[in-house]
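Asks: predicted structure and sequence below. I'll ask about it afterward.
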Amino acid sequence: MIERRLWNGQTIPALGLGCWAIGGPFFSGSQPLGWGEVDDAVSIRAIHAAYDIGIRFFDTSDAYGTGHSEEILGTALADRHDVVIATKFGNTYDRASRQLTGTDVSDRHIREALDASCKRLNRDRVALYQLHVDTLGPEATEVCDTLNSLVAEGRIEAFGWSTDSLDQAKRWPGSVGYRAVQHACNLFVPAKALIQFCEDEKMLSINRSPLAMGALTSKFDSDTEMTQADIRARPPAWLPYFSNGRPKPEFAARINAVRDLLTSGGRTLAQGALAWIWAGSDVSLPIPGFRTEAQVQENAIALERGPFPSPVKAEIDNLLAV
């Protein structure tokens, strides 16, 4: 099984779980930002299944379901102290209406948000605390100062930035507590520059949307229907993979061009997409989303099969011109 060594010396399997989907519906105005309705009991069973399989890294945010994802993780993992829970901050929200209301990266808000996240997560401190605002101005320096203080106080072990901007990610190097960048990475978004940055700085590259929010799985066909509370049914401009709840034709065509390679060795399409990421870097930690035990188990099997051999990855890259 392939593994990753963390900032604290802990070694974990090179696969985490992204907990966006289990937060349930939340919105920005009329724009859905969640993945539709969820069954909390099903989510908890899936988290327990992941733990039993050996998964130890769980990524969430206080914005996901305006705190609900954190609450589900806190319930499911309350007595499991060998897990690494990464959460995020920076968004403001109204829990009653499940509406995001803006952003706040002041020292006071960060500390209050951390207290609230710890309470929901049933933890005294957070292992990895990540800024959930893609781009900051001059205030980025003050945010880094606050996060370094929280490390020194023992409130967090390390911190990171969830951003797809290399220029933003480069603003904190040299800070002892800055140990990870979370960014989109998949067959459609190879993120070579961000991964190279993480390798150079000996940081963890946490790969958001490794399955392109489901586009790199076999679950979508002409009969697929999504509720209007699912972000993929009405995707915002920053979500490129879907149109009207289905993968855009150009992405479907690219999948078909490499389908035989991705499914080689008995892999499913999703397992092949993960094998491609692992073949690209030994600092990459993909965090596919999930709803059910079956999805967790399918992704975990990819760990057993490992990364693609270099010639297979090179052939895929050539066909996709990445």
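Replies: Thanks, I have it. All of these numbers come straight from a predicted model, not from anything done at the bench. Numbering: from 1, shown residues only.
Asks: H68: helix or strand, and which one exactly?
Replies: For H68, the enclosing helix or strand under DSSP states H and E is helix 68-76.
Asks: whoops, I255 was the one
Replies: With DSSP H and E as criterion, I255 is part of helix 249-262.
Asks: ok, then the element right after that helix?
Replies: For helix 249-262, the succeeding helix or strand toward the C-terminus, using DSSP H and E, is helix 269-280.
Asks: got the angle for that following helix vs helix 249-262?
Replies: Compare the direction of helix 269-280 with that of helix 249-262 by axes from the mean of the first three to the mean of the last three CA atoms, to 10 degrees and you get 80 degrees.
Asks: helices or strands up against the helix holding H68?
Replies: Here helix 68-76 is seen to pack against helix 40-53, helix 107-121 when contacts are counted using 3 or more CB pairs under 8 Å, 6 or more residues apart in numbering; DSSP states H and E. For glycine as for every other residue, the C-beta is placed from the backbone atoms N, C-alpha and C.
Asks: can you give me the buried ones in the first one?
Replies: What it means is helix 40-53. Within helix 40-53, the residues that qualify as buried are S43, I44, A46, I47, A49, A50, Y51, I53, counting by 16 or more other CB atoms under 10 Å.
Asks: put the alpha carbons of it into PDB.
Replies: What follows is helix 40-53 as a C-alpha-only set of coordinates in PDB (Å, rounded to 0.1, in the frame of the first residue of the first chain):
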ATOM      1  CA  ASP A  40     -26.500  11.000   7.900                       C
ATOM      2  CA  ALA A  41     -26.700   7.400   9.000                       C
ATOM      3  CA  VAL A  42     -25.400   6.300   5.600                       C
ATOM      4  CA  SER A  43     -22.600   8.900   5.800                       C
ATOM      5  CA  ILE A  44     -21.500   7.600   9.200                       C
ATOM      6  CA  ARG A  45     -21.500   4.000   8.100                       C
ATOM      7  CA  ALA A  46     -19.300   5.000   5.100                       C
ATOM      8  CA  ILE A  47     -16.900   6.800   7.400                       C
ATOM      9  CA  HIS A  48     -16.700   3.800   9.700                       C
ATOM     10  CA  ALA A  49     -16.100   1.600   6.700                       C
ATOM     11  CA  ALA A  50     -13.200   3.800   5.600                       C
ATOM     12  CA  TYR A  51     -11.700   3.700   9.000                       C
ATOM     13  CA  ASP A  52     -11.900  -0.100   9.100                       C
ATOM     14  CA  ILE A  53     -10.200  -0.300   5.700                       C
END
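Asks: pLDDT on that helix, on average?
Replies: Averaging pLDDT along helix 40-53 yields 98.
Asks: next, the angle from it to helix 68-76.
Replies: Regarding helix 40-53 and helix 68-76, their directions subtend 60 degrees when assessed with the same axes, to 10 degrees.
Asks: what is the helix or strand following helix 40-53 packed up against?
Replies: Toward the C-terminal end, the helix or strand that comes next after helix 40-53 (DSSP H and E) is strand 57-59. Contact analysis of strand 57-59 by 3+ CB pairs under 8 Å, 6+ apart lists strand 17-18, strand 84-89 as its packing neighbours.
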